[in-house]
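Q: Just the structure for this:
(one chain, ligands or ions: 2)
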Amino acid sequence: MMLSALRMRVLGVNSTDYSSSIPSIGELNTEGDRVLVARGGQGGSYHSEFLPSKGQTRQIRLDLKLIADLGLVGFPNAGKSSLLTALSHAKPQIASYAFTTLRPEIGKVMYEDHKQISVADLPGLIEGAHMNRGMGHQFLKHVERTRQLLFVVDVCGFQLASKTPFRSAFEAVQLLIKELELYKEDLPCKPAVLVVNKMDLPDAEDKLTELQEQLLNPHEFSHLLPDDMVPKNNMVFRHVVPISAATGFGIAHLKTCIRQSLDKDASMATESLHCDRLQALRGAVPAKNTLTWGPTASV
Ligand SMILES: Nc1nc2c(ncn2[C@@H]2O[C@H](COP(=O)(O)OP(=O)(O)OP(=O)(O)O)[C@@H](O)[C@H]2O)c(=O)[nH]1
Ligand SMILES: [Mg+2]
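A: Ligands and ions are numbered 1, 2, ... in the order given. Next up is the predicted model:
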């Protein structure tokens, strides 16, 4: 599993020497950062009859954040766990009631060239998740640490309970974007693919057509949502893929789309790394020497 915690090494013996250069826990930002968690005791010496003193004891709460290539984002019952089952060998719990998934589960999607992509099945979000409704914060924090997002909606729409409003697939997409935006404004900037599930249900084709039209012009349909739930900026999905996790329809195509999307980002990242290195190299070479590499340089 590609789970990653803030990795901490307890720096033991005579740590007084090192403490100034090591950040405190609150300053930890990046994976690989070192932190002084507990100060080791003084070693034994002549004055203490060679008995070492005790080091500090601390209780530390580690907030484990998940890292996966893709995170499944959707309302309960959209079919996220069913999709993970269809894509990988993972066996998450699947049921027709909301909140079946309460903990993230990772599955690996395998490709013929042996490339593996990790997909995190995340618990379903509900309206108000950004305000921590339905343990929203606990679920949303995992979304932050996935490279890309896989939105999953039920083509026929969704109603959480008899007292809550029915939401069409389009409304579900918009509300999910808004929940991410309200939780962290830049979350909807992540690259995303939209999966329209349950295409085996009656009228699914018509509903898909309607959804596609609405997604082309979301502003025209913003009246369908309360004003404060209309996203500020709309997400541009790299692919919109109709599937049925139940029958397997569209799964092969979806695998191709997510691979393309991840490969695209990987090659962009490599390109920008090369550019940075080249810039750094150019900056490092004194101006009068810059033309010494090419065959015409000595002319
Ligand atoms: N007809 C049909 N039913 C589906 C499909 N995919 C999932 N389901 C059903 O939808 C229900 C919910 O599926 P889950 O995979 O548990 O949904 P989930 O999004 O993981 O739900 P939570 O864990 O509660 O967030 C189950 O009864 C599934 O059998 C599909 O493609 N077609
Ligand atoms: Mg689930």
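Q: For A266, give its distance to F75.
A: 30 Å (C-beta to C-beta, to the nearest Å). C-betas here are computed from N, CA, C, even on glycine.
Q: and these two? which has more neighbours close in?
A: Neighbour count, other C-beta atoms under 10 Å: between A266 and F75, F75 has more, with 24 against 12.
Q: okay, the more buried one: pLDDT?
A: At F75, the model reports a pLDDT of 93.
Q: hang on, it in a strand?
A: No - F75: not assigned to a strand; according to DSSP: H, G, I helix; E, B strand; the rest coil it is coil.
Q: Name the surrounding residues that touch stretch 100-107.
A: With contacts defined as C-beta atoms under 8 Å, 6 or more residues apart in numbering, stretch 100-107 is touched by 1-3, 66, 68, 76-77, 80-81, 84-85, 87-90, 92-94, 118-124, 142.
Q: Return the set of buried residues in that stretch.
A: T100, T101, P104, E105, I106, G107 (16 or more other C-beta atoms under 10 Å).
Q: chain center to that stretch, what's the gap?
A: Here stretch 100-107 is found 14 Å from its chain centre; the criterion is C-alpha atoms, centre = their mean, to the nearest Å.
Q: can you check stretch 207-225 too?
A: 26 Å.
Q: packing partners for the longest strand seen in the chain?
A: Longest strand in the chain by number of residues (criterion: DSSP state E): strand 146-154. Under the contact definition 3 or more C-beta pairs under 8 Å, 6 or more residues apart in numbering; DSSP states H and E, strand 146-154 sits against strand 68-73, helix 80-87, helix 169-183, strand 192-197, helix 251-284.
Q: Kindly recompute the last result at 7 Å.
A: strand 68-73, helix 169-183, strand 192-197, helix 251-284 (3 or more C-beta pairs under 7 Å, 6 or more residues apart in numbering; DSSP states H and E).
Q: one step back: show me which of the contacts of stretch 100-107 are buried.
A: Judged by 16+ other C-beta under 10 Å, buried ones among the contacts of stretch 100-107: 66, 68, 76-77, 80-81, 84-85, 87-88, 90, 92, 94, 118-124, 142.
Q: quick one: strands adjacent to the longest strand of the chain?
A: In the sheet, strand 146-154 lines up against strand 68-73 (parallel), strand 192-197 (parallel) (DSSP bridges).
Q: what is the rounded mean pLDDT of it?
A: Here the average pLDDT along strand 146-154 is 96.
Q: Write out the residues of the stretch 101-250 of the chain neighbouring ligand 2.
A: T101 (C-beta under 5 Å from the ion).
Q: Now do the residue of the stretch 101-250 of the chain found nearest ligand 1 against S82, distance only.
A: As assessed by C-beta to the nearest ligand atom, ligand 1 sits closest to G124 within the stretch 101-250 of the chain, at 2.8 Å. Distance from G124 to S82, counting by C-beta to C-beta: 12 Å.
Q: K163 too?
A: 26 Å.
Q: on that earlier part again, can you list the strands paired with strand 146-154 in CSV and add distance to G283?
A: As requested, those are exported to CSV (distance: least, C-beta to C-beta, whole Å):
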stretch, distance to G283
strand 68-73, 33
strand 192-197, 36
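Q: Could you identify which of those is most buried?
A: strand 68-73 (a mean of 27; mean count of other C-beta atoms under 10 Å).
Q: List of residues touching that one?
A: 2, 80, 83-84, 106, 117-122, 125, 142-143, 146-152, 176, 258, 262 (C-beta atoms under 7 Å, 6 or more residues apart in numbering).
Q: again, but for stretch 131-146
A: 65-71, 73, 104, 120, 122-123, 125-126, 128-130, 149, 180, 183-184, 187.
Q: ok, and does that stretch reach over to ligand 1?
A: No - using C-beta under 6 Å from any ligand atom, we find that stretch 131-146 stays clear of ligand 1, coming within 9.4 Å at best.
Q: returning to that earlier point: mean pLDDT lowest for which of the strands paired with strand 146-154?
A: When I compare the strands paired with strand 146-154, strand 68-73 is least confident, with a mean of 94.
Q: quick one: it near ligand 1?
A: No - with C-beta under 6 Å from any ligand atom as the criterion, ligand 1 is not reached by strand 68-73; the gap is at least 7.6 Å.
Q: still on that earlier bit, and the two most separated of the buried residues of stretch 100-107?
A: T100 and I106 (16.6 Å; C-beta to C-beta).
Q: Mean neighbour count, the helices and strands packed on strand 146-154: which tops it?
A: strand 68-73 (a mean of 27).
Q: circling back: surely the residue of the stretch 101-250 of the chain closest to ligand 1 and A98 touch.
A: Yes - at 6.3 Å, G124 counts as touching A98 under the criterion of C-beta atoms under 7 Å.
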